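# quick one, structure for this:
(chains A and B)
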Amino acid sequence: MTPDAPYEIRSAPAGQAEQQTPAHVQQGQPAIIIEGLCKKFGTHIVLDHFNLTVGKEENVVILGRSGVGKSVLIKCIVGLLRPDSGRILVFGKNIPDLDHEEIDRVRAKVGFLFQSNALYDSMTVRANLEFPLRRHWIAIDQKEIDEMVQEVLDNVGLGHTADMMPEELSGGMRKRIALARTLILKPEIILYDEPTTGLDPVTGREISRLIVEMQKKYHTASMIISHDMGCVKTTADRVALLIDGKCYTEGTYDALKRSNDKNIAQFFE
Amino acid sequence: MASTSKFQAFLTETGDIARFTGRYFVQGVRPRFEIGELLRQCFLIGYNSFPLVGLTGFIMGLVLTMQLRPSLVDYGVESQLPVMVGVAIVREIGPVITALIFAGKIASSMGAELGSMKVTEQIDAMEVSGTNPFKYLVVTRVAASTLMLPILVILGDTIALLGSFIGVNIRANTSFTLFFRQIVNSFNFGDVLPAYIKTYFFGFAVGIIGCYKGYYSKKGTEGVGRAANSAVVMSSILIFIIDLIAVQITDLLGIN
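You can find the predicted model right below:
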């Protein structure tokens, strides 16, 4: 599929899950196209000809057991890891072919929420949020920066924390600040690496709802790595199941939940 | 068998450090230059190390003077005490002790800081934020350490000589002017310049090893601790090796 080709959703293996493609996804051009992606570490094959397409303004959850390569997948998308073969088209640009400057231009449109939040612990919340702005938007003035910082902090409900240090925040608050740092560049795609891991169920639900709210507000496409079924249910327009390095199947949450396939059903028990 | 694999590991690590150093020079001359971060690191490294370097220098000068005095008294050359202490401090003890103190403080802090940033994915986050983490974290720290150590050595030597002056005056009565004039008059080009130049190499070695150990620390808190520890050990050994090479070079060039 070329970057300009009409968006098509790939069918799951026959009989495994019913396909229900959201209407808005069918209309737009895809934000991410992954074709034949392979990645191995030594002799351990992590991704084996993985294929997936993410539409604009679509939330796709990658579901899979621990250690199957979900985080490797999104690190390949943002260029933190180099795949062995295959194509990763983000806005039509093949990430493995890009040089450092080109990849930085793509990264300005792609937010990444790390599993560990990855807040800079030597900086205040404000400095954490200013950091990507100053790196990507060099010409921006301080007044604009202040306004944008306050806006994203208000959006994640933590407007009062600008001058606090990350260590002073709770786990849920850190996750919100990490999300605010991701949102401040107004990305068109956000990649979430297990956004609810390590949080209590209530905070996990709050973060899941926040992801959906922010997706609607900022009109982003999202790829969410998770094995928290509550988060999957709340956030997913579509779920892709990663097993043995391949996209085993994909479909809506409800469709997959109805499946009799034991590989799928084990996640919904 | 075990010694062979240890030797292989040593060679591999030496190669990795050489490549890391090469990358430092390549990245260091390419824009964008992180001047703001470089100045911040210079301040942090220099300012934070100064109290320790100053205290160590003062005690070193004082103790060295008090230890040397009895021997010089025995030979009847007590008047040469300022000259002997001055030359010893400026040529050798000052640069090496200051560099070792610096390695203990800065290499461990670089190893631990970068190691912890690596473990908590902050380095990846920086890269995703459109920042070259090697340039922002490593180039600035190594450059700051290279620039700051010579300044700290000058300050440390000065404080050590002040300590020595106090040491001399515990048992004798020497004026400040006479003491320092005696030291300065005894110095020549070969005493000061090689000692000063080698401190740049000490600073560079401390920065490179501290950053290398942190940047490539293995996952986990144990890895961070190990990175900090081995950064100090390896940079301290490198300081002695560089010192040995520097002495050989100055000897060969006849500027002793």
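# which stretches of the stretch 1-150 of chain A form helices?
Listed in chain order, the helices of the stretch 1-150 of chain A (DSSP state H, counting those that start in this stretch) span A:23-27, A:70-77, A:100-107, A:125-136, A:142-155.
# all the helices of chain B, residue numbers only.
Secondary structure of chain B (DSSP state H): helices located at B:2-28, B:35-75, B:81-88, B:94-102, B:108-119, B:122-128, B:133, B:140-171, B:176-186, B:189-215, B:221-253.
# looking at those, which is nearest to residue A:205?
helix B:122-128 (25.1 Å; CB to CB). No exception for glycine: its C-beta is placed from N, CA and C like everyone else's.
# which neighbouring elements make contact with the closest one?
Helices and strands touching helix B:122-128, by 3 or more CB pairs under 8 Å, 6 or more residues apart in numbering or on different chains; DSSP states H and E, are strand A:110-113, helix B:108-119, helix B:133.
# who's in contact with stretch A:202-222?
Residues outside stretch A:202-222 that contact it (CB atoms under 8 Å, 6 or more residues apart in numbering or on different chains) are A:31-32, A:54-60, A:111, A:155-157, A:171-172, A:175-176, A:179, A:183, A:186-192, A:195-196, A:199, A:224, A:228, A:230-231, A:234-235.
# now the buried members of those residues.
A:31-32, A:54-60, A:111, A:155-156, A:172, A:175-176, A:179, A:183, A:187-192, A:195-196, A:199, A:224, A:228, A:231, A:234-235 (16 or more other CB atoms under 10 Å in any protein chain shown).
# pretty sure residue A:60 contacts residue A:236?
Yes. The criterion here is CB atoms under 8 Å, and residue A:60 meets it with residue A:236 at 7.1 Å.
# hey, what's in contact with both of those two?
Joint contacts of residue A:60 and residue A:236 (CB under 8 Å, 6+ apart) are residue A:224.
# wait, does stretch A:76-92 contact chain B?
Yes. Stretch A:76-92 lies within reach of chain B by CB under 8 Å from any CB of the partner chain, at A:78, A:80.
# give me the most central residue, chain B.
Nearest to the mean C-alpha position of chain B, by CA atoms, centre = their mean, lies residue B:99 at 2.6 Å.
# so what pLDDT did that one get?
We have a pLDDT of 96 for residue B:99.
# residue B:188 now?
As predicted, residue B:188 sits at a pLDDT of 84.
# quick check on it: phi, psi?
phi -130, psi -180 (degrees, to the nearest 10).
# residues near it, how many?
Neighbour count of residue B:188, defined by other CB atoms under 10 Å in any protein chain shown: 11.
# contact partners for it?
Going by CB under 8 Å, 6+ apart, residue B:188 touches no other residue.
# ditto for residue B:69
Neighbour list for residue B:69: B:78, B:81, B:167, B:171 [criterion: CB under 8 Å, 6+ apart].
# could you pull up the residues touching the third one?
Think residue B:167. By CB under 8 Å, 6+ apart, the contact set of residue B:167 is B:61-66, B:69, B:85.
# once you drop chain neighbours, what's closest to it?
Nearest in space to residue B:167, with sequence neighbours left out and distances taken as CB to CB, 6 or more residues apart in numbering or on different chains, is residue B:65 at 3.1 Å.
# now the last one
Nearest-residue entry for residue B:171: residue B:69, 6.5 Å, with adjacent residues in sequence omitted and distances by CB to CB, 6+ apart.
# and for the first one?
Setting aside the residues directly before and after it, residue B:78 is nearest to residue B:72 in space (CB to CB, 6+ apart), at 4.9 Å.
# hmm, residue A:53 is touching residue A:30, no?
Yes. Contact status for residue A:53 versus residue A:30: in contact at 4.8 Å, counting by CB under 8 Å.
# flag every residue of the stretch 1-150 of chain A that's near chain B.
A:75, A:78, A:80, A:100, A:104, A:107-108, A:110, A:112, A:114-116, A:118-122, A:131-132, A:135-136.
# of those, select the buried ones using a PyMOL command.
Here is the PyMOL command that selects only those of the residues of the stretch 1-150 of chain A next to chain B that count as buried (16+ other CB under 10 Å):
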select buried, chain A and resi 75+78+80+104+107+108+110+112+114+115+116+118+119+120+131+132+135+136
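# contacting residues for the closest residue to residue B:239 other than its chain neighbours?
Leaving aside its chain neighbours, residue B:239 sits nearest to residue B:99 (4.8 Å; criterion: CB to CB, 6+ apart). Contacts for residue B:99 (CB under 8 Å, 6+ apart) come out as B:149, B:153, B:199, B:202-203, B:206, B:239.
# of those residues, which is the most crowded?
residue B:206 (33 neighbours).
# for that one, which residues are in contact?
Each residue near residue B:206 by CB under 8 Å, 6+ apart is listed here: B:99, B:102-103, B:106-107, B:145, B:149, B:235, B:238-239.
# also residue A:122?
Residue A:122 sits in contact with residue B:113, where contact means CB under 8 Å, 6+ apart.
# where does it land on pLDDT?
Listed pLDDT for residue A:122 reads 89.
# what about it, distance to residue B:97?
Separation of residue A:122 from residue B:97 (CB to CB, to the nearest Å): 29 Å.
# repeat that for residue B:162.
The gap separating residue B:162 from residue B:97 is 15 Å, by CB to CB.
# do residue A:159 as well
51 Å.
# same deal with residue B:201?
16 Å.
# closest one to residue A:39 among the helices of chain B?
From the helices of chain B, taking CB to CB, the stretch that ends up closest is helix B:122-128, at 16.1 Å.
# so how far is the closest one from its chain's centroid?
Taking CA atoms, centre = their mean, to the nearest Å, one finds helix B:122-128 lying 29 Å from the centre of the chain it belongs to.
# now do stretch B:182-196
How far stretch B:182-196 lies from its chain's middle: 20 Å, per CA atoms, centre = their mean.
# please apply the same query to stretch B:66-78.
Here stretch B:66-78 is found 31 Å from its chain centre; the criterion is CA atoms, centre = their mean.
# same check, this time on stretch A:129-146
23 Å.
# ok, residues contacting it?
With CB under 8 Å, 6+ apart as the criterion, stretch A:129-146 contacts A:104, A:107-108, A:120, A:123, A:148-149, A:152-153, A:162, A:177, A:180-181, A:184-185, B:126, B:129-131.
# name the residues of that stretch that are buried.
In terms of neighbour count (16+ other CB under 10 Å), stretch A:129-146 has its buried residues at A:129-136, A:145.
# repeat that for stretch A:72-85.
Within stretch A:72-85, the residues scored as buried using 16+ other CB under 10 Å are A:72-81, A:83.
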